[in-house]
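Peer 1: Whatever this is, show me its structure:
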Amino acid sequence: MNINEKNNFLFANISSLKGVGIKTSKFLKKKKIETINDLLWNLPYSYTDRSNLVTLDKLEVGKILTIKIKVIKYNFPRIRNLPNRIICEDQTGRIDLIYFNSREGYIKKILPLNSWVVVSGKINFFKNKYQITNPNYVSNLEKLNIINKKIPKYSLTEGLTEKSYNKMIDQVLNKLSNVDEWLDLEIIKKYKFISWKDSILKLHQIEKSPDLTAPYYKRIALEEIISHFLVLSEFRKKIKKIKKNKKIFMEKISGFLIKNLTFKLTNSQKQVIKEINKDLNSNYKMFRILQGDVGSGKTIVSIITASNVIESGYQCAMMAPTEILAKQHYNLVKKIFANHKINISFLSGKIDYADRKRIIKDLKEGTIDFIIGTHSLFQTKIEFKKLGLIIIDEQHKFGVKQRMNLAKKGGDNCDVLLMSATPIPRTMVMAIYGDMDTSKITEKPHKRKKTLTLSKPEEKLDELWPYIKKNISEGNQVFWVCPLIDQSKFLDYSSAKKRFELINKKFPNRTGLIHGALDKNEKEKILNKFLNKEIDIIVSTTVIEVGIDFPNANLIIIENSNKFGMAQLHQLRGRVGRGKKQGICILLFKGSLSKNAVKRIKILKLSDDGFFIAEEDMKLRGYGDIIGFQQSGVKYFKIADPIIHEDLFIEAKRLIDKIKVNEQNIDKFKFLLKLFDRAEVINQ
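Peer 2: Model prediction:
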C-alpha cells in the first residue's frame, strides 16, 4: 500500500465513522456531507475557548465557560417531563446543572456525588441562580486536558451538536497519513508550504477565522485549483484530438452580408471573425466561447460564422434559452439572409405536431440549412444530415459536464460556438472556460449611445411619475425592476407584486408583471405584449436581465439598487437603449448608502465596460456573487478564492501548461482529483 492509499478511507460513506448512524447521516446530508472526505471541506469559522477555568464568582451569562466544581446534591423529580437538577459548588459560589431527558443512572455515572468535575457549557441565570443546561462537556480531573482547550466551531444544521461533530472530525484527522508530494519543490519553497497533512490539520485547528493568505491555506487552495484545471486541460486535450474535415468557403455570402449591413463592424468583431474562420478552416474541432458585453454585436458575428459554414455545405443550429429570444434571432436571420436561397426554419416546444414532423424530416434529409430554436433542437428524435456548427446563445448556465455532452452533438465535423453576454473577471475566465478557446469583443458599435445612469433616493419616488408619463407619450417603454416577488417579513426590499399594484393604478391596462414564479408561457406572453407595444411598462424581478432586444425600451428603474451587485445592475441596464434613442437607468436606493454602495454607483455612472465592472464587482463583493457564476453549473471552489488567490490561479495555469508541453502523465494527481470530486469528470 502506497502513502496515498492509506488515505482512501476518506472516500468511504460517512456512516463508516464511529457514532454515525442513520439519523446522524440524515442530518449530515443536509449539510451536503455524505462521504468522510466532505467533512474535510466543512471548515471551522471560529472557535470556542474552553482553555481557561473560571471560578463561580466570575461567571458571565450567555458565554460558554469551563468551570471546576464539586457535586453536592441530586434533585431527581418524580413528575414526568421535569428536568433533573444537580447542585454543585466551588469555594466562591453555587451553580445548578440542568438535564432534560437524562436517566438517573447516567447522571450518577458522569457526576458522582462529592466528586470534583470539570464542566463546560453556556451560562444561564434563572430564578436568581446560575445554571448550565445540558452541558457540552463533563469530565473528571484526570481528563482535564480533553476539555481544557480551544475547540473549533463549525456551521452545523439542527440535530448535530458541537460535541458529536468534533468527535467525528477528530476521528478523521487522527487517521490522516501524509501523501506522496505532487507539488514541485520550487513551488513549495516559493510559498513556504508545509506538508499536505499538516495543512489539513491546520485548517481544522484555527484559533480565529481561517487565514486565507496563510501558507497552509494557500497550499490546499492551489491543489484545488490544480485539480479543477486538470479537468479542463484533459477535456481540452480530448477535443483537440478530434480530427475533422476542413470547412472550405470563399466568404462570398458573408462578404455580401457584411457589405449590406446598416452599420460597420467594429475592429474587435472583425478580429473575432478571423479567429473563428481559422478554426473552421482547421482540421481540429472548434470549441470556442465568444464573450461580449451587452450590445457588443455577438449575434451578427455568429450569423456571419453560420453563413461561412452553410457556404461550405453544412447545416447550422442556433439555440437560445427562451422562445422569445430564439424567435427574435430567427426574425433577424431571415431578414439578413433575405437575398439568399438559404432555407431557414424555427423549432420550439410550441410548434404544432404537423410542422414539427415536417421540420424533423427536412433536417434529416438536409433541406434545412439553418435551424434556430430552443433546447428542443437537441432532443434525441432530432437528427441532422450534415450538422457543421452549433451556436449556443447565453450559455452561462452550462457547466463542464454539459459542455462535454454538447461537444459530442453533431459528430466530429461539427464545430461549437458558445456565446455569453455575462462579463466575467480574468481569473474566473481561466476557471470556467479553461477547456475552451476564448474570443472577446471589446468594443461596442459606434452608433450605440452610452446609457445614462442616475441615482435617486426612494423617498423621492413621486417625482418619477410625471417623468414616466412623458417618456410613454414620446413612444418609450419602461422596465421597473424589484428584488423580490412578494413582500417579505424579514427583508426591507420592494416587491414586484406590490409595486405592480401601484403602477397599474397610475397607468391602467398599460402595465404587465413578470417574475420567476410565473409559468414560462405566461411570461413570454407578457413579454410579447411589451414587444408589440400593447403595454408600456413591465414590472419585473431580475428575470429580464439577459438577451432580448426591446427597441422602444429606453428607461429602466431599479429599486433597492444598493442590494444588487454591479455586474447584475450593468446587465439590467443593458435592456434599454438598444434602439436609436438614449437609454436611461435610474437607480433607486433606500436610506443612507454604505461606502461600498456609493463606490458601486459611482463606477456604474462612469463606466459602461462590463468587463471592468465585473472585475471591480468581484473585488467588492467576492466571486460567489458575480452574475452568472452561481447559475453556471460550475462547481463552487470549496477552498480557493479567485480574488485573494489570483497568484495561485496563475501558478496553477503555469503548472498545467508545463504538464501539457512535456506530455506528463497525470497519475500522480489521481488522489488529488478524488479529494476535490473531479475524478468522475476525468473518467468520463
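
Peer 1: which phi and psi does P83 have?
Peer 2: Phi and psi for P83, reported as degrees, to the nearest 10, are phi -80, psi 160.

Peer 1: next one: the one 3 residues further on
Peer 2: With angles defined as degrees, to the nearest 10, I86 sits at phi -120, psi 120.

Peer 1: do R499 as well
Peer 2: phi -70, psi -40.

Peer 1: all strands of the stretch 501-650 of the chain, in order?
Peer 2: Per DSSP state E, counting those that start in this stretch, the stretch 501-650 of the chain carries strands over the ranges 511-514, 537-540, 553-558, 584-589.

Peer 1: Please name whichever of these is nearest to A338.
Peer 2: Closest approach to A338 among the strands of the stretch 501-650 of the chain (C-beta to C-beta): strand 553-558, 25.9 Å. Placement of C-beta: from N, CA and C, glycine included.

Peer 1: which helices and strands sit right next to that closest one?
Peer 2: If you count contacts as 3 or more C-beta pairs under 8 Å, 6 or more residues apart in numbering; DSSP states H and E, strand 553-558 packs onto helix 464-473, strand 477-481, helix 566-573, strand 584-589.

Peer 1: and M419, what does it touch?
Peer 2: Counting by C-beta atoms under 8 Å, 6 or more residues apart in numbering, M419 makes contact with I289, L290, Q291, G292, K298, T299, S302, I391, I392, D393, E394, Q395.

Peer 1: Could you measure from it over to V272?
Peer 2: 11 Å (C-beta to C-beta, to the nearest Å).

Peer 1: what is in contact with those two at once?
Peer 2: L290.

Peer 1: Pull out the buried positions in the longest helix seen in the chain.
Peer 2: In the chain, ranked by residue count with DSSP state H as the criterion, the top helix is helix 215-241. For helix 215-241, the neighbour count (16 or more other C-beta atoms under 10 Å) marks 216-236, 239 as buried.

Peer 1: Stretch 102-112 too?
Peer 2: I107, I110, L111.

Peer 1: Out of those, list just those in helices.
Peer 2: Among the buried residues of stretch 102-112, the ones falling in helices (DSSP H) are I107, I110.

Peer 1: And the buried residues of stretch 102-112, which is closest to L261?
Peer 2: Nearest to L261 among the buried residues of stretch 102-112: I110, at 82.9 Å, using C-beta to C-beta.

Peer 1: Just give the closest residue to that closest one, not the sequence neighbours.
Peer 2: Ranked by C-beta to C-beta, 6 or more residues apart in numbering and with sequence neighbours excluded, the top spatial neighbour of I110 is V138, at 5.0 Å.

Peer 1: my read is the one you found is in a helix, agree?
Peer 2: No: with DSSP: H, G, I helix; E, B strand; the rest coil as the criterion, V138 is assigned strand and is not in a helix.

Peer 1: one step back: tell me which of the helices and strands packed on strand 553-558 lies nearest to A326.
Peer 2: Taking these one by one with C-beta to C-beta, helix 566-573 is closest: 19.4 Å.

Peer 1: C-alpha coordinates for that closest one, CSV please?
Peer 2: Only the C-alpha atoms of helix 566-573 are listed here, as CSV (Å, rounded to 0.1, in the frame of the first residue of the first chain):
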residue,chain,number,x,y,z
MET,A,566,-22.6,46.0,-10.1
ALA,A,567,-22.3,43.3,-12.7
GLN,A,568,-26.0,42.5,-12.3
LEU,A,569,-27.0,46.2,-12.5
HIS,A,570,-25.0,46.5,-15.7
GLN,A,571,-26.8,43.5,-17.2
LEU,A,572,-30.2,45.0,-16.2
ARG,A,573,-29.4,48.5,-17.7
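
Peer 1: quick one: it to strand 584-589, angle?
Peer 2: Compare the direction of helix 566-573 with that of strand 584-589 by axes from the mean of the first three to the mean of the last three C-alpha atoms, to 10 degrees and you get 130 degrees.

Peer 1: how close does L484 sit to L604?
Peer 2: L484 sits 22 Å away from L604, going by C-beta to C-beta.

Peer 1: Looking at those two, which has the bigger crowd around it?
Peer 2: Between L484 and L604, L604 has the larger neighbour count (other C-beta atoms under 10 Å), namely 22 against 19.

Peer 1: Mind pulling up the pLDDT for the more buried one?
Peer 2: For L604, the pLDDT comes out at 88.

Peer 1: Grab the nearest non-local neighbour of it.
Peer 2: In space, L604 is closest to T453, 5.3 Å off (C-beta to C-beta, 6+ apart).

Peer 1: got the angle for the helix or strand in which that neighbour is found vs helix 464-473?
Peer 2: Here T453, judged by DSSP states H and E, is contained in strand 452-457. Interaxial angle of strand 452-457 relative to helix 464-473 (the same axes, to 10 degrees): 150 degrees.

Peer 1: average pLDDT for strand 452-457?
Peer 2: 89.

Peer 1: quick one: which of the buried residues of stretch 102-112 is nearest to I151?
Peer 2: Using C-beta to C-beta, the buried residues of stretch 102-112 come closest to I151 at I110, 18.7 Å.

Peer 1: In this model P135 seems to touch that closest one, though I could be wrong.
Peer 2: No: if you go by C-beta atoms under 8 Å, I110 and P135 don't touch, sitting 9.4 Å apart.

Peer 1: before we move on, back to that, Serialize the buried residues of stretch 102-112 to TSV and add fields for pLDDT and distance to I503.
Peer 2: Converted to TSV, the buried residues of stretch 102-112 look like this (pLDDT from 0 to 100; distance: C-beta to C-beta, whole Å):
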residue	pLDDT	distance to I503
I107	92	65
I110	91	65
L111	94	66
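
Peer 1: Go through the buried residues of stretch 102-112 and name the one nearest F346.
Peer 2: Closest to F346, out of all of these and judged by C-beta to C-beta, is I110, at 74.0 Å.
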